[in-house]
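Participant: coords please:
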Amino acid sequence: MSHAITDIGLLVTNNVELGDGSDENTQLGVIRDAALVIENGLVSWVGPKAKLQATDTVESVDFGGFAAATVIPGFVDSHCHPIFAGDRAAEFAARMRGQSYSAGGIASTVRATRAASNEALEVNLLSLKSEMIAAGVTTFEAKSGYGLTVADEARSLDIAAKYTEETTFLGAHVVPAEFADNRDGYVDLVAGSMLEAALPFSKWIDVFCDRGAFSVDEARHILRAGMAAGLKPRIHANQLESRGAIELAVELDCASADHCTHLSDREIELLATSKTVATLLPGAEFSTRSPYPDARRLLAAGATVALATDCNPGSSFTTSIAFCIAIAVREMRMSPAEALWSATAGGAKALRRTDIGHLSVGARADLVLLKAPSYVHLSYRPGVNLVEQTWIAGRKAK
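Facilitator: Take a look at the predicted model:
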């Protein structure tokens, strides 16, 4: 039995060819008074409700009284750190009193994560996953990086792999305290036995290449080792300063360069002429009182931009992409349409996925029902969760 959703006042498809011309932002492929048919978890038909052919094999789905609702593709959170233990609220409070942010704060989460049981780590991940679904996230990436031992990185990824296929080995998050006098030894560990242990549970490999973390040469060595083992590369780049990480991202064809807070004209040009997505994480700037990335320069140059939460306990403890959209519109001068596209289709591109981030025929039926007459309300009503229903692969998530 197929299911037809017909009470759609405004449907965002992210397919330019499907748009009915009623919205000036053609990249969103907006259809008004729309319908969508789901079969076997995929979109099998999409278009104006008036053109939907009634058949005995299509069962109509009632949205529970939310007629003329807005439906958008599910959010794709392409940068997330949900496997950890402990709390860093005191650190946040200290920053709000004027203490500066640095990469070193990760150490306290490392201690707590190492001491936590597998059950505690899984319970915390499930709690965050529940928040994400309630906020409209239908696909999320999960990084390790708070264990920083062979056993702790492997178990973190083993837990994450139960709940998402987008798992990322981030043993190169920071150099842990026990290797403070042996950086080369830790780099070799990450690229060697730690990578080997993480490999069965990982799809991606990532490195935090920035001040206080890893150098470009160290990052290149680790990423190449991961690629040789079959993992796909991505990189934390230019959050704190510009030091060559963008050049490395393009050199290695990383799927995404994440943060991109400090960019030169040359670096923007490199991103715009490559397949590497610039993933912007405004929740981190919000929580650290740092300058926001210049999204307008990236977009004007033709770079592909994604928005993600960077959910982590230290610098961006949020699971709300809608919140990040609102910040991007207000502080980074993105339009509501650009921000929505970046949080859906852009996130899919950052994961090099073609089956999510849009609602075209053949796409996975991941969609979000908003209690609003337009997608613009995501930024127009900051701080309000407008998500009424989240559907993943054609099923209403609970």
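Participant: Any stretches of this structure with poor pLDDT?
Facilitator: Along the chain, segments meeting pLDDT under 70 span 1, 55-68, 101-104.
Participant: That one: helices as residue ranges?
Facilitator: Here the chain has its helices, by DSSP state H, at 89-96, 106-115, 118-134, 150-160, 183-189, 195-198, 216-228, 245-251, 265-272, 282-288, 295-301, 321-331, 336-350, 377-380.
Participant: looking at those helices, which is buried most?
Facilitator: Across the helices of the chain, averaging neighbours per residue (mean count of other C-beta atoms under 10 Å) puts helix 336-350 on top, at a mean of 27. Glycine gets a C-beta too; all of them are placed from N, C-alpha and C.
Participant: With L378 as the reference, measure out to F75.
Facilitator: Going from F75 to L378 by C-beta to C-beta, to the nearest Å gives 10 Å.
Participant: got it, and S290?
Facilitator: For S290, the distance to L378 - C-beta to C-beta - is 23 Å.
Participant: and what of F317?
Facilitator: 20 Å.
Participant: Over to E331?
Facilitator: For E331, the distance to L378 (C-beta to C-beta) stands at 15 Å.
Participant: P48 now?
Facilitator: Counting by C-beta to C-beta, the gap from P48 to L378 is 24 Å.
Participant: Please apply the same query to A228.
Facilitator: For A228 relative to L378 (C-beta to C-beta), the value is 41 Å.
Participant: Same check on N25?
Facilitator: Going from N25 to L378 by C-beta to C-beta gives 13 Å.
Participant: Same check on R353?
Facilitator: To L378, R353 is 22 Å away according to C-beta to C-beta.
Participant: Could you measure from the residue lying closest to C311 once chain neighbours are set aside over to A219?
Facilitator: Nearest residue to C311, sequence neighbours excluded (C-beta to C-beta, 6 or more residues apart in numbering): C80, at 4.8 Å. C80 is 20 Å from A219, where distance means C-beta to C-beta.
Participant: again with P336
Facilitator: P336 sits at a distance of 35 Å from A219 (criterion: C-beta to C-beta).
Participant: cool, and A160?
Facilitator: From A160 to A219 the distance is 22 Å (C-beta to C-beta).
Participant: got it, and S127?
Facilitator: With C-beta to C-beta as the criterion, S127 and A219 are 32 Å apart.
Participant: now P291
Facilitator: From P291 to A219 the distance is 23 Å (C-beta to C-beta).
Participant: go on, A372?
Facilitator: Noted for A372: a distance of 42 Å to A219, by C-beta to C-beta.
Participant: try I268
Facilitator: From I268 to A219 the distance is 20 Å (C-beta to C-beta).
Participant: pretty sure R211 contacts A237?
Facilitator: No: using C-beta atoms under 8 Å as the test, R211 is too far from A237 to be in contact (11.8 Å).
Participant: Need the phi and psi values for the nearest residue to R111 once chain neighbours are set aside.
Facilitator: Once flanking residues are discounted, R111 sits nearest to G86: 7.4 Å by C-beta to C-beta, 6+ apart. Note on G86: backbone dihedrals following degrees, to the nearest 10 are phi 90, psi 180.
Participant: Figure out which of the helices of the chain is closest to A35.
Facilitator: For A35, the closest of the helices of the chain is helix 336-350, at 19.8 Å, according to C-beta to C-beta.
Participant: Give me the distance from that closest one to the chain's centre.
Facilitator: 10 Å (C-alpha atoms, centre = their mean, to the nearest Å).
Participant: again with stretch 178-191
Facilitator: That offset, for stretch 178-191, works out to 29 Å (C-alpha atoms, centre = their mean).
Participant: Can I get that stretch in CSV, CA atoms only?
Facilitator: Presented in CSV, the C-alpha positions along stretch 178-191 are these (Å, rounded to 0.1, in the frame of the first residue of the first chain):
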residue,chain,number,x,y,z
GLU,A,178,49.5,11.4,28.4
PHE,A,179,51.1,12.1,25.0
ALA,A,180,51.8,15.8,25.7
ASP,A,181,55.6,15.1,25.4
ASN,A,182,55.2,12.6,22.5
ARG,A,183,53.1,14.2,19.7
ASP,A,184,54.6,12.0,17.0
GLY,A,185,53.8,8.9,19.0
TYR,A,186,50.2,9.9,19.3
VAL,A,187,49.9,10.8,15.5
ASP,A,188,51.4,7.4,14.7
LEU,A,189,48.9,5.7,17.1
VAL,A,190,45.9,7.4,15.5
ALA,A,191,47.2,6.5,12.0
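Participant: Okay, strands next: where are they in the stretch 1-150 of the chain?
Facilitator: Ranges of strands in the stretch 1-150 of the chain, per DSSP state E, counting those that start in this stretch, are 2-12, 30-39, 42-48, 58-61, 69-73, 75-77, 137-140, 142-143.
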